[in-house]
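Q: next one to model:
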Amino acid sequence: MPATATAPNTPAEAPAPALLEIAGLAVRFGRQEVLRDISLAIPEGQTIVILGESGCGKTVLLKTMIGLIRPTTGDVRFEGQSLPRMSDRTLAHLRTRYGFVFQGAALFDSYTIADNIAFPLREHTRIPAAEITQIVTALTDEVGLPRSALRKKPMELSGGMRKRAGLARALALDPSLILYDEPTTGLDPIMSDVINELILRVRQRPQVTSVVVTHDMHTARKVADRIIMLYPVFRLRPEAPQIVFDGTPEDLDRSQDPRIRQFIEGRAGSRLTELQEEQSNVTDAGDEPDDMDEAEETV
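A: Residues are numbered from 1 along each chain as shown. The predicted model follows:
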């Protein structure tokens, strides 16, 4: 019989190296545990969405990724370097590799939009003023802002325009990692999808990695390569993992975990009764310490 042809052995495609690694991360504020034993690796070029209900620690996790909050235990490594072990000076320099799009844009009210976008370039580079002007104009075009907006102050713009100006500023230093904190909050459905489209465009930049914190399922399904879902620690059994899902948007929609189904379908279930019972317990116990208030504001 003739020999049967066999396919040549081809090596499997090597996975992209991890740009950011989180290992055994826990964060506490006083007695309140916000993050518990979080471990994940984010490869270069991936867009990861962090989902979860309010109070589950999404924003706290985002802030640990840039060293604004230091972990109680565990480690956060960027390109193999431990953020908690860095000096403030080294950490400040590293943050020039990040772009951060804040929930409320966080623009300087007394600056024009042009000066807001130019701010990182003036602070961290020696690029000539004429070239900075060219970069600002190009970024304005990239995020779809009219050039007339450059002369205005943030209060003169709509919420959607401020968000886009914040994104332009985040892109100014050509970052390796861009973090978005609730990028579509407060926007109408059309403007929300404009922001989603911009996130998709940004991911086309070479070697840009994105982390998006949101509770907007439309955003999650549209922009994510991978979704991480957190569950509030205080609702978990002792030692239960806080990451209740890690996979693709398609896998999320197929999940039968009742905690995931409740979130993605937007069902209150028995949550109102639980919230009333929790409030009653707090009232009976008296006022909580200040560190609890601080944690709630940060989460």
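Q: what strand or helix carries residue 245?
A: Taking DSSP states H and E as the criterion, residue 245 maps to strand 243-247.
Q: at which residues are the helices of the stretch 51-200 of the chain located?
A: Taking DSSP state H, counting those that start in this stretch as the criterion, the stretch 51-200 of the chain contains helices spanning 58-65, 88-94, 113-124, 129-142, 159-171, 189-202.
Q: low-confidence ranges, this protein, go.
A: For the chain, the stretches flagged by pLDDT under 70 are 1-16, 269-299.
Q: need the residues that contact the strand holding residue 245.
A: Residues from elsewhere that reach strand 243-247 (C-beta atoms under 8 Å, 6 or more residues apart in numbering): 38, 40, 51, 226-231, 251-252, 255, 257, 259-260. The C-beta positions use only the backbone N, C-alpha and C, and glycine is treated the same way.
Q: how about the residue lying closest to residue 53 once chain neighbours are set aside, what does it touch?
A: Of all residues not flanking residue 53 in the chain, residue 263 sits nearest, at 6.3 Å (C-beta to C-beta, 6 or more residues apart in numbering). By C-beta under 8 Å, 6+ apart, the residues touching residue 263 are 51, 52, 53, 229.
Q: of those, buried ones?
A: 51, 52, 53, 229 (16 or more other C-beta atoms under 10 Å).
Q: in strands only, show me those residues.
A: 51, 229 (DSSP state E).
Q: the buried ones among the contacts of residue 263: which two are farthest apart?
A: 53 and 229 (9.5 Å; C-beta to C-beta).
Q: ok so, going back, from the contacts of residue 263, pick the one nearest residue 158.
A: residue 51 (26.8 Å).
Q: buried subset of the contacts of strand 243-247?
A: Judged by 16+ other C-beta under 10 Å, buried ones among the contacts of strand 243-247: 38, 40, 51, 226, 227, 228, 229, 230, 231, 252, 259, 260.
Q: who does the helix or strand hosting the fifth one touch, helix- and strand-wise?
A: In this structure, residue 227 is located in strand 226-230 according to DSSP H and E. Identification of packing neighbours for strand 226-230 by 3 or more C-beta pairs under 8 Å, 6 or more residues apart in numbering; DSSP states H and E yields strand 47-51, strand 243-247, helix 249-254.
Q: still on that earlier bit, just the buried residues of the strand holding residue 245, please?
A: With the criterion 16+ other C-beta under 10 Å, strand 243-247 contains buried residues 243, 244, 245.
Q: that one vs strand 47-51, what angle?
A: Relative orientation of strand 243-247 versus strand 47-51 (axes from the mean of the first three to the mean of the last three C-alpha atoms, to 10 degrees): 150 degrees.
Q: restrict strand 243-247 to CA atoms and write it as CSV.
A: The C-alpha trace of strand 243-247 is given here as CSV (Å, rounded to 0.1, in the frame of the first residue of the first chain):
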residue,chain,number,x,y,z
ILE,A,243,-12.8,36.1,39.8
VAL,A,244,-16.0,34.2,38.8
PHE,A,245,-15.4,34.3,35.1
ASP,A,246,-12.4,34.6,32.7
GLY,A,247,-13.0,34.0,29.0
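Q: what's the angle from that strand to strand 226-230?
A: Using the same axes, to 10 degrees: strand 243-247 against strand 226-230 is 170 degrees.
Q: ok, residue 73 to residue 38 distance?
A: According to C-beta to C-beta, to the nearest Å, residue 73 and residue 38 sit 11 Å apart.
Q: what touches both of those two?
A: Contacts common to residue 73 and residue 38, judged by C-beta under 8 Å, 6+ apart, are 24, 25, 26.
Q: the last one and residue 75 touch, don't they?
A: The one in question is residue 26. No - contact between residue 26 and residue 75 fails when scored by C-beta atoms under 8 Å: they sit 10.7 Å apart.
Q: sorry, back to before: quick check: which of the helices and strands packed on strand 226-230 is nearest to residue 150?
A: strand 47-51 (28.6 Å).
Q: can you give the distance of the closest one from its chain's centre?
A: Distance of strand 47-51 from the chain centroid (C-alpha atoms, centre = their mean, to the nearest Å) equals 7 Å.
Q: so how far is residue 61 from the nearest residue to residue 216 once chain neighbours are set aside?
A: Computed as C-beta to C-beta, 6+ apart, the closest residue to residue 216 that is not its neighbour in sequence is residue 184, at 5.2 Å. When distances are taken as C-beta to C-beta, residue 184 and residue 61 turn out to be 19 Å apart.
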